[in-house]
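> need the 3D shape of this:
(chains A and B)
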Number of protein chains: 2
Amino acid sequence: MKLYGFWRSLATYRVKVALALKGMQVEEVSIDLLKGMQHQPDYKSVNPQAVVPSLVLDDGKPPLFQSMAIMEWLDETKPQPPLLPKDPRGRARVRGIALISAADAHPLVVPRIRVYLEKTLQLPEEKRNAWLMHWSLEALKAMEVHLKEKDTGRFCHGDSPTIADICLAGQVVGAQGYFKCDVSSVPTVMRVYEECMKLEAFSKAHPLKQPGASLH
Amino acid sequence: MKLYGFWRSLATYRVKVALALKGMQVEEVSIDLLKGMQHQPDYKSVNPQAVVPSLVLDDGKPPLFQSMAIMEWLDETKPQPPLLPKDPRGRARVRGIALISAADAHPLVVPRIRVYLEKTLQLPEEKRNAWLMHWSLEALKAMEVHLKEKDTGRFCHGDSPTIADICLAGQVVGAQGYFKCDVSSVPTVMRVYEECMKLEAFSKAHPLKQPGASLH
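Residues are numbered from 1 along each chain as shown, chains lettered A, B, ... in the order given. Below is the predicted model:
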């Protein structure tokens, strides 16, 4: 298996954490999003949307794409340890929390959006940063309310990590690590994030610890 | 069961189609997004993210949220007719196509973004419309490439509708119906959309056919 990704990509981070939790090894190929390498024809033949990650299996079929779909595939093909609870209601809660980041907030801060805000809309840096901070924190605030529910344990749902924790961790990396949001209004989110980072699967894959990582 | 939604919401549309395909009836409650009713404390206690849809079950537990999570829950609790193929690889493809809309493109055109572009960034209407059209069409173009694959049939994946078709249909409603995109570059997408609209589950729930619907 070959994972096309990039150190800074929070969607790549999700898949790397999920693979590590499952104890799976993959070959990694870096697509430099900051240099626009995702728009090269070679990579667009791997991923028509020109986004990372893509997971190429060894079966010669088209690559898997979209981090949530890849994580679900991992959980279906290698069920232990599970990344989703067993009961449908719990699964819906976990997916819902995950999607607050993956489907609503994260798509607002990805490279193609940052480029559009800068090049097409020609917004000054101050307004672009305000955008990134605003939407990153909004997601964490919504997660914070859901985490007040009694199903929350050491992690978002009970005491073992799920795709909700994976997406939460990525969302915190973006909000706090990249965009320097004040996260004091989301203490439960941060408590869960700290629990995640105690696990090597989460901490070793941390975007800012990857080769080439730099915020400057 | 009670579904909180809004006629214009493409995420609500997804859940309504999925419910109809499953032959399920729900009570509908309209949350007028254009009047900002999603920000009322009453509704935020239902959905902390202040978005629709939310599905309230009869078990007294917190509502289900996020359209993709709700559709997965529906498919797990009422498996017939299936909204996902049986094989993990097919499921990954279907979820991936669905997420191109649900997790990447649609979050860019929802009310909170349109309000931010207008009120906070004070962009003129022309630039706001260009944003809506650009991102709506980008998603359809990526879908179009995936639909060239041999797993595509009458619908996105084989000959029965899945969550990929549900998300594709919503994406076309937004791109063509709301934002007047030129969809001539995505003939396969439009062919699948027409197949969807032959089914009452898709056509009866069409946003522009709902009570109160108006583009003016």
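> give the buried residues for the top helix by length along chain A.
Longest helix in chain A, counting residues (DSSP state H): helix A:125-146. Buried residues in helix A:125-146, counted by 16 or more other CB atoms under 10 Å in any protein chain shown: A:128, A:130-140, A:142-146. Quick note: C-beta positions are derived from backbone N, CA and C, even for glycine.
> give me the subset of those residues that also touch chain B.
With CB under 8 Å from any CB of the partner chain as the criterion, those include A:Ala130, A:Trp131, A:His134, A:Glu138, A:Ala139, A:Ala142, A:Val145, A:His146 near chain B.
> check which element follows the helix or strand of chain A at the bottom of the mean pLDDT ranking along the chain.
Using mean pLDDT, DSSP states H and E, the weakest-scoring helix or strand in chain A turns out to be helix A:41-46, at a mean of 94. Downstream of helix A:41-46, the first helix or strand assigned by DSSP states H and E is strand A:54-56.
> past that following strand, which element shows up next along the chain?
strand A:64-65.
> list of residues touching that next one?
A:47, A:49, A:51, A:53-57, A:70, A:73, B:89, B:92-93, B:96 (CB atoms under 8 Å, 6 or more residues apart in numbering or on different chains).
> same thing with stretch A:87-97?
Outside stretch A:87-97, the residues touching it (CB under 8 Å, 6+ apart) are A:84-85, A:143, A:146-147, A:149, A:151, A:156-158, A:162-164, A:167-168, B:57, B:59, B:61-62, B:64-66, B:68-70, B:72-73, B:76-77.
> buried residues in that stretch?
Going by neighbour count (16+ other CB under 10 Å), the buried part of stretch A:87-97 is A:Pro88, A:Arg89, A:Arg91, A:Ala92, A:Arg93, A:Val94, A:Arg95, A:Gly96, A:Ile97.
> go on, stretch A:177-190?
Those would be A:Gly177, A:Tyr178, A:Phe179, A:Cys181, A:Val183, A:Val186, A:Thr188, A:Val189, A:Met190, for stretch A:177-190 by 16+ other CB under 10 Å.
> out of those residues, flag the one nearest to A:Gly36.
Nearest to A:Gly36 among the buried residues of stretch A:177-190: A:Tyr178, at 18.5 Å, using CB to CB.
> tell me the SS of the nearest residue to the closest one once chain neighbours are set aside?
Leaving aside its sequence neighbours, A:Tyr178 sits nearest to A:Leu215 (CB to CB, 6 or more residues apart in numbering or on different chains; 6.8 Å). When classified by DSSP: H, G, I helix; E, B strand; the rest coil, A:Leu215 comes out as coil.
> A:Leu215 and A:Val110, how far apart?
For A:Leu215, the distance to A:Val110 equals 16 Å [CB to CB, to the nearest Å].
> re the thing from before, now, of the contacts of stretch A:87-97, which are buried?
A:84-85, A:143, A:146-147, A:151, A:156-157, A:162-164, A:167-168, B:57, B:62, B:64-66, B:68-70, B:72-73.
> may I see the ones next to chain B among the buried residues of helix A:125-146 arranged in TSV, with distance to B:Ser101 and pLDDT as well?
Shown next, in TSV, are those (distance: CB to CB, whole Å; pLDDT from 0 to 100):
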residue	distance to B:Ser101	pLDDT
A:Ala130	27	98
A:Trp131	22	98
A:His134	23	98
A:Glu138	21	97
A:Ala139	19	98
A:Ala142	21	97
A:Val145	26	97
A:His146	24	97
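> and A:Pro79, how many residues sit next to it?
11 (other CB atoms under 10 Å in any protein chain shown).
> element containing it?
A:Pro79 belongs to no helix or strand, assigned by DSSP H and E.
> what distance do you get for it to chain B?
Distance from A:Pro79 to chain B, counting by CB to the nearest CB, to the nearest Å: 11 Å.
> and the pLDDT at that residue?
What the model reports for A:Pro79 is a pLDDT of 98.
> can you pull the phi/psi pair for it?
Reported as degrees, to the nearest 10, the phi and psi values for A:Pro79 are phi -70, psi -20.
> ok, now which ones touch it?
Counting by CB under 8 Å, 6+ apart, there are no residues that A:Pro79 touches.
> again, only this time at 10 Å
A:Lys22 (CB atoms under 10 Å, 6 or more residues apart in numbering or on different chains).
> quick check, A:Met133 in contact with A:Asp182.
Yes: using CB atoms under 10 Å, A:Met133 is in contact with A:Asp182, at 8.7 Å.
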